[in-house]
Every structure is written in structure tokens, then in C-alpha cells.
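Undergrad: I would like the atomic coordinates for the input below:
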Amino acid sequence: MEWIKAIMKKHIKADGTVDMEAAMKEIDIESPKHAVPKTAFLDIDKQLKEASTTIKERDVQISELTKVDPEKLQETINTLQADNKKKDDDYKSQLKELKISNAIKLAIADKAQDADLVAGLFDKEKLVLDGDKIVGLDDQLKGLQESKSFLFKQDDTQTESKPTFSQANFQKQPAADQDVWNAAFAPPSVGNEK
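TA: Presented below is the predicted three-dimensional model:
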């Protein structure tokens with residue numbers, strides 16, 4: 001506030017009074033150099049309060065971390081790792097089971113009378129997943145087709161020999177056979193009743 005006193009002394013008139021108008025103009029000009037505007041003060045005050053809150057939060061976090069038992073923390077980490085490994089192994093096992101089941105169903109889809117029943121007869125423990133192939137599937141399928149053939153649809157590859165009719169197969173019947181034929185199958189005539 002010394003700067004205000006200096007301005008006031010500077011504007012004292014000869015009669016000892018202060019030229020207030022001139023003093024106020026100079027104070028208005030000089031005040032930004034010596035005082036902080038209210039908005040700047042409020043901004044800085046807000047930043048200070050936020051920094052103080054952040055420091056308190058960090059202090060709480062640090063005190064919580066100092067309370068943690070390293071052995072207990074390591075035990076928790078080990079438990080979580082074991083749980084994650086178990087879940088991963090379970091997922092891989094389920095995925096393998098699903099791939100094998102789908103491969104079995106695809107292999108017997110058009111061949112089995114009851115696909116679900118036949119799929120249950122496969123020994124999945126003996127089947128090995130090798131990339132996209134199932135090792136041992138064909139062998140078990142052939143074995144089931146031989147031992148339990150009634151569970152599988154019969155091949156339609158054996159076609160029955162159906163008679164074919166062509167001109168070469170037709171021969172004119174001898175007259176005697178024709179008479180017998182006509183006698184056996186001809187409709188009775190109206191005037192020849194015996």
C-alpha cells in the first residue's frame with residue numbers, strides 16, 4: 001500500500017488538500033501493477049484448493065499402500081494367476097470337446113439313423129485333436145459301422161435291377177400262346193355264354 005501513499009503525497013496541493021481526481025486517475029493506472037485482479041485471484045484460489053484435495057487423496061493412498069502386507073499381496077496375485085490359468089484350461093478343454101463333438105456329428109450326419117445315439121458311442125478319450133483334424137475318428141466310425149450296422153443307413157449304391165423295356169425285349173407271341181392269352185384275359189362276349 002506504500003504506492004498509494006506515494007501517489008497521495010504527489011497530489012497534495014499548496015493548501016494541504018489532496019487533488020482527489022488526479023490521484024484516483026493515477027491509482028487506476030498503477031493498480032494493475034501492484035494488485036491481482038479478482039478473477040485471477042479466484043482462479044489461483046481454486047487451483048490451490050484442487051491441489052490441496054489431490055495431496056490429501058495421495059496421502060490416503062500412500063497410507064493404504066503402507067498398510068498392505070507384501071506376503072498377502074503376493075498370495076492374492078498367485079491365487080488370481082491360478083484362477084486365470086484354471087479358467088483358461090477349462091476354456092481350452094471345452095473348446096476341444098466342442099470341436100470333437102461337432103466333428104463326430106458331421107461325420108455321421110448322413111450315415112446314422114439316430115445321430116445323437118451314435119455320437120454317444122464314440123470314445124472321445126481316444127480321439128485326438130490335431131489342428132483341424134480329429135485323429136482316430138475314421139477308425140471308430142468304421143468299427144461302429146461294422147459292429148452296429150443297424151444304427152446306420154444302408155448304402156443306396158446297390159441299385160436293384162429294374163426291368164427295362166425296349167423293342168428288342170418284345171417278341172411276337174406264337175399264335176397258340178396268343179389264343180391262350182385271349183381266352184384267359186379277354187372279356188366275355190355277350191352272345192357266347194355257355
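Undergrad: okay, CA-based contacts and neighbour counts for the rest of this
TA: Noted.
Undergrad: outside of stretch 140-148, which residues touch it?
TA: By C-alpha atoms under 8 Å, 6 or more residues apart in numbering, the list of residues contacting stretch 140-148 from outside reads 122, 151-152.
Undergrad: and with 10 Å instead?
TA: Stretch 140-148 is contacted by residues 104, 107-108, 111-112, 118-119, 121-124, 126-127, 137-139, 149-153 when judged by C-alpha atoms under 10 Å, 6 or more residues apart in numbering.
Undergrad: Show me how far that stretch is from its chain's centre.
TA: 37 Å (C-alpha atoms, centre = their mean, to the nearest Å).
Undergrad: In this structure residue 116 contacts residue 108, no?
TA: Yes. The criterion here is C-alpha atoms under 10 Å, and residue 116 meets it with residue 108 at 9.4 Å.
Undergrad: quick revisit: got a ChimeraX select line for the buried ones in the contacts of stretch 140-148?
TA: Those of these that count as buried under 16 or more other C-alpha atoms under 10 Å are selected in ChimeraX with:
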select :104,107,108,111,112,118,119,122,124,127,137,151,152
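Undergrad: Please flag which of the contacts of stretch 140-148 sit within helices.
TA: Secondary structure from DSSP state H places 104, 107-108, 118-119, 137-139 of the contacts of stretch 140-148 in helices.
Undergrad: Out of these, the closest to residue 1 would be?
TA: For the ones in helices among the contacts of stretch 140-148, the closest approach to residue 1 (C-alpha to C-alpha) belongs to residue 104, at 95.1 Å.
Undergrad: For the spatially closest residue to the closest one that is not a sequence neighbour, give me its contacts.
TA: Nearest residue to residue 104, sequence neighbours excluded (C-alpha to C-alpha, 6 or more residues apart in numbering): residue 119, at 6.3 Å. With contacts defined as C-alpha under 10 Å, 6+ apart, the neighbours of residue 119 are 101-109, 112, 141.
Undergrad: Switch these over to a markdown table; also include distance to residue 3 and pLDDT.
TA: Output for those, formatted as a markdown table (distance: C-alpha to C-alpha, whole Å; pLDDT from 0 to 100):
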| residue | distance to residue 3 | pLDDT |
| --- | --- | --- |
| 101 | 93 | 87 |
| 102 | 92 | 87 |
| 103 | 94 | 86 |
| 104 | 97 | 88 |
| 105 | 97 | 88 |
| 106 | 97 | 85 |
| 107 | 100 | 86 |
| 108 | 102 | 87 |
| 109 | 101 | 82 |
| 112 | 106 | 88 |
| 141 | 105 | 91 |
